[in-house]
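>>> Generate coordinates for the sequence data below:
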Amino acid sequence: MKQRIFFLLLVAGALLGCKPESEHYTIPRLDDELHIRASVSSLRLLQSQSKDTAITFSWDIPELKDGITGFEYYFKMDIADNSFATSITPMLMDGGNTVSFTHGTINDLLEGWGIAAGSWTALEAEIIAHPKGLDTYVKPMLSTVTFDVMGYASVLYMVGSATSVGDDYTVAIEMSKVPARNAYTWTGALTEGELLFLTSRSDSTDRALPHKRSSTRTPKKPDRSPSPMLDTMLSKPTSKDSLSQRRNRSSSLVRLPMAGYSAMPSL
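Here you go, the predicted model:
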């Protein structure tokens, strides 16, 4: 009887001495010394600046201590408060402590996440620093920052005397986007005349294309020498400009020497 009581006391003592299961597998995480920050807290994307830098993220370089010989950095971005469930593929930051994104890249991400153009939403960026040189595993250092962004509808229209709609930008012809080429295309009948490319069926200044040149070669015509290049010179008009005033600036137009051509401007 005494042996049985002694055995029960031993078992009870062992149970009381055990830590909760959650404490057995607690893995330490490095304190945040990265302090990631965004160059802007609020960002309105503009199609007219699709290739320009919209936002830059930067972070501090942590001190090497406690056996850490270096860090491997990864960058992620997603809709805020989404636990990075639909994040972009983590980007390995091979050198440097900054990363930048253009207006067009951020806008493409918004479209991929199903965010409606013209509405504000919060995005969250994260930098992850995995320590090197340690004998035991510790959780990586994390640092996050949020920012607000509004996207635009990725569209391109054309008007002008070479088109069937003439100068009426309210019924401008919509072109089709080719995402893989960051270009727009349209196929149809054109007459000899001029083309003007717009990013909106309104006269809004911030939706007009900036001064930018791209070119595409017109197709060869039978028994003729190659057709001349279509030089697409796109300029940013002011809100007070009429379409006729825009036409007077040759940098805004594509001049077609003969009918039947299609154009594919790249942005």
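
>>> Dump the C-alpha coordinates for stretch 33-52 into CSV.
Extracted in CSV, the C-alpha atoms of stretch 33-52 (Å, rounded to 0.1, in the frame of the first residue of the first chain):
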residue,chain,number,x,y,z
GLU,A,33,15.9,46.3,-36.3
LEU,A,34,14.8,46.8,-39.9
HIS,A,35,12.2,49.5,-39.5
ILE,A,36,10.9,49.4,-43.1
ARG,A,37,9.4,52.6,-44.4
ALA,A,38,7.7,53.8,-47.5
SER,A,39,8.5,56.9,-49.5
VAL,A,40,4.9,57.9,-49.4
SER,A,41,1.9,57.1,-47.2
SER,A,42,-0.7,57.8,-49.8
LEU,A,43,-0.4,57.1,-53.5
ARG,A,44,-2.6,57.9,-56.5
LEU,A,45,-1.4,55.9,-59.5
LEU,A,46,-1.4,57.6,-62.9
GLN,A,47,-1.4,55.8,-66.2
SER,A,48,0.5,58.8,-67.7
GLN,A,49,3.4,57.9,-65.4
SER,A,50,3.1,54.1,-65.8
LYS,A,51,6.9,53.7,-66.2
ASP,A,52,7.9,56.2,-63.5
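
>>> Make sure E111 is actually in contact with S154.
Yes. Counting by Cβ atoms under 8 Å, E111 touches S154, with 7.0 Å between them. All C-beta atoms are positioned from the backbone trio N, CA, C, and that covers glycine.

>>> These two: who's more crowded?
Between E111 and S154, S154 has the larger neighbour count (other Cβ atoms under 10 Å), namely 19 against 16.

>>> Can you tell me how far that one is from G114?
14 Å (Cβ to Cβ, to the nearest Å).

>>> What of A85?
For A85, the distance to G114 (Cβ to Cβ) stands at 13 Å.

>>> For A80, grab the count of nearby residues.
15.

>>> Which pLDDT value belongs to it?
Per-residue confidence (pLDDT) for A80: 97.

>>> and the host helix or strand of V99, what does it pack onto?
Using DSSP states H and E, V99 falls within strand 98-102. Packing partners of strand 98-102 (3 or more Cβ pairs under 8 Å, 6 or more residues apart in numbering; DSSP states H and E): strand 53-58.

>>> Would you mind pulling the contact partners of the helix or strand just after the strand it packs on?
Sequence order places strand 70-79 as the next helix or strand after strand 53-58, per DSSP H and E. Residues from elsewhere that reach strand 70-79 (Cβ atoms under 8 Å, 6 or more residues apart in numbering): 57, 61-62, 64, 84-88, 90-93, 97, 99, 109, 113, 115, 121-133, 141.

>>> what about 7 Å?
If you take Cβ atoms under 7 Å, 6 or more residues apart in numbering as the criterion, strand 70-79 is touched by 62, 64, 84, 86-88, 90-93, 99, 113, 121, 123-133.

>>> Thank you kindly, that will do.
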